[in-house]
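Enquirer: need the 3D shape of this:
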Amino acid sequence: MLRRILALLVALLVLGACTDVEPSAITRDPGTPADQTDGADAADGSDVVHDDLGPEQPGDHAALSPWTPCSGDFECATLTVPRDWADPDGDTLELAVSRLPAGGDRIGSLLLNPGGPGASGVEFLQAAAHPAGLDERFDLVSWDPRGTGGTNRVDCTTDEEWLEPEIDPTIEDEADVEAIRAEAEEALADCEEAAGDLLDVVGTRATVRDLDALRALLGDDALTYVGYSYGTTIGMEYLRMYPGRVRAMVLDGVSVPGTEPIEEAHVQAQGFERTLDAYLDDCGARPSCPLGDDPKATLLGLVERLEAEPIPASYQLGGGAAPREGTLGVGELYIAVAASLYDDAAWTTLDQGLAEALAEDPQGRVLLAIRDQYHGRAPDGTWADDLDARATIRCNDQVERSEQPEGDLDRVEEWSAELPFWGTWFATALPGCWGLPTPVDPLLPLAEGDLAGVPPIVVIGTTNDPATPYEQAEEAARVIEGSVLVTYEGDVHTAYRGLSDCVDEAATAYLVELTVPPAGLRC
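Expert: Here you go, the predicted model:
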């Protein structure tokens, strides 16, 4: 239930195409790590904090079990790490790890994170297609970060609760406020009971220590890494904590660590509104679009109708689950629209769902199914619970706490005027994390040039990315000294996964040969 108090930030990976590139070579020898650097002071006066284990490495306090076959050509193992890195010889956690051994002339390991936070790296690695050429030269490796996946999972919401109707995410009266307060109080109590022993040990900085332990135990002197969406936060924090242990890093769909949460929510709301407008502007070119001559007015009219009265919604999965009987209300609509904006390939499916909801005899079948899939419903009817982990990790990463569950509502009117569809939803509950404990090891802000003493890092930003807007990629390029920004022009979230030959060739040449893309590359 903690999921309903969050603004959106997920990692759904996507595909695409563009122009050829002619990369330039870098001077660093392949495989040579950057020199270890001391922490520098950030421009805002905060310390740029490196790891606090002194000369020791996290790998000295962790263990990796032998690899065993587990799924097709994949192998699996267990990474054992300290439960609390401040007490590295104390209790431990076990994290699932998977790898696909290199098929050719092996360079080393390439570690990947799909984002979230809350997504299973093991499931991502075993299910997703990866850019051509990587699996020949690297062991592809991913892991389930603490609080996620099959082990040590933050799980606050029962399967029955996932089936409940969403509350109205748009604040319009005191009844909406009271509904949020009641939901938040129940969610907090549920999570403290179900996952209380994990609530203070999940967070990005602990995950970065786990990642460095895994790197060391894999036998790699320096990290080669690809992070998508929130996985870029992990990557940038690794650059802050271990600048001398990096071989190469690609950050795609950037979420900058330590960003003030209200500012971050506003930028993300603007990104979703831009991508929604692109979807609506394209309506005239899609015969499937049911929104008429004024698509945004029609969509906002549907919001008003669903606020007044939800409509029936039911569907049947093919994996043996019981029929799903529910309703489509305004909360389900918002989540279905958001999920459909991550990839323009999903726009026609959203059209189908909106056509059903706008019909003379309205039905919410497709939109409810999109909402459920976004929340992690599997073909057998069970739920992944990624969003419970996401809420907990994000709140352990930020210092700020709302004074009341609904947040400070003063900005709702301004944001809703600026962003007619998304403004109210994103302005509610900020800065979030009401009632949760003070974070033990939060992320600090970064200023221009703070991440220095590292090899050239490749940052990929998509011009019309709704979840991690392009401005965040530009900010990352300023923060990481010597980084190179690759721009993909499109309406999708993340680009390095077979979507674009231009992006794929540039990023793969960099990872394999340490050949940095040319400055200003646009695909």
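Enquirer: please, where are all the helices along the stretch 251-400 of the chain?
Expert: According to DSSP state H, counting those that start in this stretch, the stretch 251-400 of the chain carries its helices in the segments 261-281, 295-308, 330-340, 347-358, 365-375, 386-397.
Enquirer: highest average neighbour count across those?
Expert: Burial among those, expressed as mean neighbours by mean count of other Cβ atoms under 10 Å, is greatest for helix 386-397, which shows a mean of 26. (C-beta placed from N, C-alpha, C; glycine too.)
Enquirer: which strands or helices does that helix pack on?
Expert: Contacts defined by 3 or more Cβ pairs under 8 Å, 6 or more residues apart in numbering; DSSP states H and E place helix 386-397 against helix 174-195, helix 204-217.
Enquirer: for residue 322, find the nearest of these.
Expert: Shortest distance between residue 322 and the helices and strands packed on helix 386-397, using Cβ to Cβ, is found for helix 174-195: 23.4 Å.
Enquirer: ok so, going back, least confident of the helices of the stretch 251-400 of the chain, on average?
Expert: For those, mean pLDDT drops lowest on helix 386-397, to a mean of 88.
Enquirer: please identify the buried residues of the helix or strand that comes right after it?
Expert: Past helix 386-397, further along toward the C-terminus, the next helix or strand under DSSP states H and E is helix 412-418. Neighbour counts over helix 412-418 (16 or more other Cβ atoms under 10 Å) mark 412, 415, 416 as buried.
Enquirer: shaky segments in the stretch 151-300 of the chain?
Expert: In the prediction, the stretch 151-300 of the chain carries no residues with pLDDT under 70.
Enquirer: redo that, cut-off 80
Expert: Under the criterion of pLDDT under 80, the regions of the stretch 151-300 of the chain flagged as low confidence span 151, 193-199.
Enquirer: hmm, residue 170 and residue 177 touching each other?
Expert: No: using Cβ atoms under 8 Å as the test, residue 177 is too far from residue 170 to be in contact (11.4 Å).
Enquirer: give me the more crowded residue out of these two.
Expert: Just comparing residue 177 and residue 170: by other Cβ atoms under 10 Å the higher neighbour count belongs to residue 170, 19 against 16.
Enquirer: correct me if wrong: residue 411 contacts residue 428.
Expert: No: the criterion here is Cβ under 8 Å, and residue 411 misses it with residue 428 at 9.4 Å.
Enquirer: more crowded one of these two?
Expert: For residue 411 and residue 428, the more surrounded residue by other Cβ under 10 Å is residue 428, and the numbers stand at 26 against 19.
Enquirer: OK, contacts around the residue nearest to residue 350 when sequence neighbours are not counted?
Expert: Using Cβ to Cβ, 6 or more residues apart in numbering and skipping residues adjacent in sequence, the residue nearest residue 350 is residue 340, 3.8 Å away. Listed by Cβ atoms under 8 Å, 6 or more residues apart in numbering, the contact set of residue 340 reads 279, 346, 347, 349, 350, 353, 370.
Enquirer: sorry, back to before: in JSON lines, list the buried residues of helix 412-418 along with pLDDT and distance to residue 336.
Expert: Listed next are the buried residues of helix 412-418 as JSON lines, based on pLDDT from 0 to 100; distance: Cβ to Cβ, whole Å:
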{"residue": "412", "pLDDT": "91", "distance to residue 336": "22"}
{"residue": "415", "pLDDT": "96", "distance to residue 336": "21"}
{"residue": "416", "pLDDT": "94", "distance to residue 336": "20"}
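Enquirer: ranges for the strands of this structure?
Expert: Counting by DSSP state E, the segments of the chain that form strands are 63-64, 68-71, 74-82, 92-100, 108-113, 138-143, 223-228, 246-252, 311-315, 324-328, 458-462, 484-488.
Enquirer: and residue 401, which of those is closest to it?
Expert: Each of the strands of the chain was checked against residue 401 via Cβ to Cβ, and the shortest separation belongs to strand 92-100, namely 25.5 Å.
Enquirer: hey, C-alpha coordinates of that closest one in CSV?
Expert: What follows is strand 92-100, C-alpha atoms only, in CSV (Å, rounded to 0.1, in the frame of the first residue of the first chain):
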residue,chain,number,x,y,z
THR,A,92,24.5,-10.6,7.0
LEU,A,93,22.1,-10.5,4.1
GLU,A,94,22.0,-12.9,1.1
LEU,A,95,21.5,-11.3,-2.4
ALA,A,96,20.7,-13.3,-5.6
VAL,A,97,23.2,-12.9,-8.4
SER,A,98,23.1,-14.2,-12.0
ARG,A,99,25.5,-14.1,-14.9
LEU,A,100,25.7,-15.1,-18.6
